[in-house]
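Colleague: just coords:
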């Protein structure tokens with residue numbers, strides 16, 4: 001493919017000349033995004049993006065049909081999501097310091113087929129059970145590149161994903177999955193609570209690419225998905241590992257690929273083989289609702305075989321069969337509760353619309369989630385913020401507290417109250433440090449805080465729940 005002659009000076013940024021494997025060439029002496037705005041045009045696609053600096057004319061002279069607008073939209077999504085730096089140490093702020101050149105070079109490489117993902121940086125974060133969860137952090141530029149692919153592929157996949165899949169999908173949430181599971185538990189006596197062992201680490205690359213090919217003929221999408229699957233991982237000891245299976249958690253495109261893999265490995269298989277068994281799946285966490293113990297046991301056995309077929313394994317300890325015990329289901333079985341998406345489902349005392357109490361199988365915040373909230377509140381170091389006023393603390397922490405209430409307060413809200421009161425205990429400790437008259441007088445500080453909470457119940461997000469609405 002011959003390049004057209006340009007009427008502007010060579011681009012002065014770092015050269016990005018490279019050949020695509022098919023032979024097409026791309027060059028950095030085309031104008032930058034902003035230079036194209038000012039200096040002229042080549043073959044136009046008929047699309048323009050207006051920015052504060054002018055208009056970005058979209059040009060096309062590359063083997064792959066990736067427009068600058070696609071890269072620009074992907075960049076905006078990545079910037080909004082924030083995130084840590086990758087192996088190159090480049091933050092969003094550093095990327096923005098030379099935004100025009102950085103976006104141009106990325107578009108140039110993507111559209112010519114010469115983009116190769118840099119290594120993914122391996123980090124570990126603590127899990128609720130005390131173990132560590134591995135994450136792979138891509139560079140900012142690589143996150144933008146992955147977002148370009150995601151935004152192109154996702155609309156096609158969404159047409160095929162089943163309604164029972166909730167994880168990382170537009171218009172669906174974890175609370176939607178919890179709500180549907182709640183209703184299904186009332187109708188079915190048995191639950192098969194599933195956990196796929198090290199799912200993201202064991203995705204079969206060949207099966208993954210087969211699934212992607214079933215939904216797109218765009219060669220650039222296939223090319224870059226394959227390269228991301230094979231991208232090296234920089235381990236904690238600085239060594240590079242070249243994976244033969246799996247996709248790193250932490251990548252932009254990884255959740256979409258994981259959903260696609262399980263769409264074929266789990267969702268469609270279950271809908272075909274057990275069409276009368278409803279289920280909810282959020283990423284690799286799923287629950288299936290069975291009518292009898294025999295059906296649950298048979299499904300568990302068949303799923304173990306199915307997972308083996310696709311290179312996966314059910315976690316032998318975390319996968320269990322649960323009896324949904326309540327007033328109408330009084331059987332005695334060893335497992336009568338399960339955790340799903342931060343909620344524990346078990347028998348609880350509830351009140352119906354007529355005020356009568358009964359035992360209901362329903363979700364409430366799990367002990368693990370409550371423990372995580374308490375730990376997070378400790379990490380805020382309230383007692384060391386004696387230079388702040390109550391209004392300052394409310395401004396700093398209300399958005400997080402409100403998020404907890406909105407999520408864990410959706411079902412069986414009263415179970416959340418003890419955890420929220422822990423926040424008040426932290427505030428009492430803060431008050432004893434800030435005010436001399438309250439120092440060494442925790443009871444006096446508690447009364448002082450209680451008076452303020454009653455006068456200003458909307459100051460802290462949880463006060464509205466504990467004081468204004470609960471009538472304390």
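Modeller: Noted; the coordinates are in hand. Not measured: the values here are computed from a predicted model.

Colleague: domains for this structure, by residue range?
Modeller: With domains defined by the TED database, the chain comprises 68-323, 366-468.

Colleague: okay if I get these as a markdown table plus mean neighbour count, distance to residue 346 and mean pLDDT?
Modeller: Bear in mind the C-beta positions are built from the backbone N, C-alpha and C, glycine included. Converted to a markdown table, these look like this (neighbours: other C-beta atoms under 10 Å; distance: least, C-beta to C-beta, whole Å; pLDDT from 0 to 100):
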| stretch | mean neighbour count | distance to residue 346 | mean pLDDT |
| --- | --- | --- | --- |
| domain 68-323 | 18 | 9 | 96 |
| domain 366-468 | 16 | 10 | 93 |
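
Colleague: let me have these in TSV, adding distance to residue 357 as columns.
Modeller: Putting the domains of the chain into TSV (distance: least, C-beta to C-beta, whole Å) gives the following:
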stretch	distance to residue 357
domain 68-323	17
domain 366-468	13
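
Colleague: what's the closest of those domains to residue 344?
Modeller: Across these, residue 344 has its closest neighbour in domain 366-468 (4.2 Å, C-beta to C-beta).

Colleague: now that closest one: how far from the chain's centre is it?
Modeller: Offset of domain 366-468 from its chain centre (C-alpha atoms, centre = their mean, to the nearest Å): 27 Å.

Colleague: that older thread, of the domains of the chain, give the one that comes closest to residue 352.
Modeller: domain 68-323 (12.8 Å).

Colleague: quick check, residue 316 in a strand?
Modeller: No. In this structure, residue 316 is coil, not part of a strand, as judged by DSSP: H, G, I helix; E, B strand; the rest coil.

Colleague: contacts only, for it.
Modeller: Residue 316 sits next to residue 197 when contact means C-beta atoms under 8 Å, 6 or more residues apart in numbering.

Colleague: please report the distance of it from residue 289.
Modeller: Relative to residue 289, residue 316 is positioned 22 Å away (C-beta to C-beta, to the nearest Å).

Colleague: give me phi/psi at residue 352?
Modeller: Note on residue 352: backbone dihedrals following degrees, to the nearest 10 are phi -80, psi -180.

Colleague: pretty sure it contacts residue 358?
Modeller: Yes. Assessed by C-beta atoms under 8 Å, residue 352 is found in contact with residue 358 at 6.2 Å.

Colleague: now the nearest residue to residue 181 once chain neighbours are set aside. Its backbone dihedrals?
Modeller: Excluding the flanking residues, the one nearest residue 181 by C-beta to C-beta, 6 or more residues apart in numbering is residue 280, at 4.9 Å. Dihedral pair for residue 280: phi -130, psi 130, per degrees, to the nearest 10.

Colleague: pretty sure residue 280 is touching residue 177, no?
Modeller: Yes. Assessed by C-beta under 8 Å, residue 280 is found in contact with residue 177 at 4.4 Å.

Colleague: shared neighbours of the two, anything?
Modeller: Shared contacts of residue 280 and residue 177 (C-beta under 8 Å, 6+ apart): 166, 340.

Colleague: packing partners for the strand or helix carrying residue 136?
Modeller: Residue 136 belongs to strand 132-137 when elements are defined using DSSP states H and E. Where contact means 3 or more C-beta pairs under 8 Å, 6 or more residues apart in numbering; DSSP states H and E, strand 132-137 is packed against strand 120-126.

Colleague: let's see 10 Å
Modeller: Counting contacts by 3 or more C-beta pairs under 10 Å, 6 or more residues apart in numbering; DSSP states H and E, strand 132-137 packs against strand 120-126, strand 233-234.

Colleague: that strand: how far from the chain's middle?
Modeller: Distance, centroid of strand 132-137 to centroid of chain: 13 Å (C-alpha atoms, centre = their mean).

Colleague: mind listing the strands that strand pairs with, and their directions?
Modeller: When sheet partners are counted by DSSP bridges, strand 132-137 sits next to strand 120-126 (antiparallel).

Colleague: just give me how far the partner strand sits from the chain centre.
Modeller: Using C-alpha atoms, centre = their mean, the offset of strand 120-126 from its chain centre is 15 Å.

Colleague: what does stretch 327-336 give?
Modeller: 35 Å.

Colleague: what do you get for stretch 212-231?
Modeller: Distance of stretch 212-231 from the chain centroid (C-alpha atoms, centre = their mean) equals 21 Å.

Colleague: stretch 137-155 too?
Modeller: With C-alpha atoms, centre = their mean, you get 14 Å for stretch 137-155.

Colleague: repeat for stretch 107-119
Modeller: 25 Å.

Colleague: can you give me the end-to-end span of that stretch?
Modeller: End-to-end distance for stretch 107-119: 19 Å, by C-alpha to C-alpha, to the nearest Å.

Colleague: quick one: residues contacting residue 186.
Modeller: 289, 324, 326, 328, 329, 360, 361, 362 (C-beta atoms under 10 Å, 6 or more residues apart in numbering).
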